[in-house]
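Visitor: test case, fold it:
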Amino acid sequence: MQQFSNEEIAELKSRIDQIHDLLTTRGGDEQAVMGIPVSLARSEAPKAVLVDQVAFNIQMRRLRKSHFGGAQLSGPVWDMMLDLMLADTNGRELSASDLAAGAGVPLSSGLRMIASLEAQGLVRRFIDQHDRRRSLVELTDKGSERMESYFEKIGSAWESRQIAA
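Guide: Numbering: from 1, shown residues only. Now for the predicted structure:
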């Protein structure tokens, strides 16, 4: 089973941060986003950059929908899957309450979402051996494989856009 390295995760986070900076930065700094200096993007082609980012976001959402089939992986459920993937990569364990808090939902809603992910075979819930009051959640082999292959596809789509630009 292939896992993402910390460098790959850091690179993805960096790309997300760059996009965020493009959308929120005010001022004249020269950060580059998707290969375009922020000032150039603002002065010469802000709509083109925004359109490209929106189009890529739509492509990612459609790819996620087709990649995971009928699974409803959006919003807080997607946040949980991302948290579980990072925890798995870093050798950490997450409790059901950790996942609900991270997704910004009440524990009762989080437990329903986790149950749905369990039914799809993407996660496994089990009792913490150190504190039997806690329920821990982890990606199954199927869940890990689906997440990893999804991000490989996203990486390929990103590279294709970079080459075309």
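Visitor: show me what contacts the nearest residue to residue 104 once chain neighbours are set aside?
Guide: Excluding its sequence neighbours, the residue lying closest to residue 104 (Cβ to Cβ, 6 or more residues apart in numbering) is residue 76, at 6.4 Å. Every residue, glycine included, has its C-beta placed from N, CA and C. Residues counted as contacts of residue 76 (Cβ atoms under 8 Å, 6 or more residues apart in numbering) are 103-105, 109-110, 113.
Visitor: just the buried subset of those, please.
Guide: 103, 105, 110, 113 (16 or more other Cβ atoms under 10 Å).
Visitor: now do the longest helix anywhere in the chain: which elements does it pack against?
Guide: Ordering each helix of the chain by length in residues (DSSP state H) puts helix 141-164 first. For helix 141-164, the packing partners by 3 or more Cβ pairs under 8 Å, 6 or more residues apart in numbering; DSSP states H and E come out as helix 46-67, helix 75-89.
Visitor: okay, angle between the shortest one and helix 46-67 too, please.
Guide: Spelled out, that is helix 75-89. 80 degrees (axes from the mean of the first three to the mean of the last three Cα atoms, to 10 degrees).
Visitor: CA atoms of helix 75-89 as PDB?
Guide: The C-alpha trace of helix 75-89 is given here as PDB (Å, rounded to 0.1, in the frame of the first residue of the first chain):
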ATOM      1  CA  GLY A  75     -18.500  18.800   3.500                       C
ATOM      2  CA  PRO A  76     -17.800  17.400   6.900                       C
ATOM      3  CA  VAL A  77     -17.600  13.800   5.700                       C
ATOM      4  CA  TRP A  78     -14.800  14.700   3.300                       C
ATOM      5  CA  ASP A  79     -13.100  16.600   6.100                       C
ATOM      6  CA  MET A  80     -13.200  13.400   8.200                       C
ATOM      7  CA  MET A  81     -11.700  11.400   5.400                       C
ATOM      8  CA  LEU A  82      -8.900  14.000   5.000                       C
ATOM      9  CA  ASP A  83      -8.200  14.000   8.700                       C
ATOM     10  CA  LEU A  84      -8.100  10.200   8.800                       C
ATOM     11  CA  MET A  85      -5.700  10.100   5.800                       C
ATOM     12  CA  LEU A  86      -3.300  12.600   7.600                       C
ATOM     13  CA  ALA A  87      -3.600  10.600  10.800                       C
ATOM     14  CA  ASP A  88      -2.800   7.400   9.000                       C
ATOM     15  CA  THR A  89       0.100   8.900   7.200                       C
END
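Visitor: alright, that wraps it up for me.
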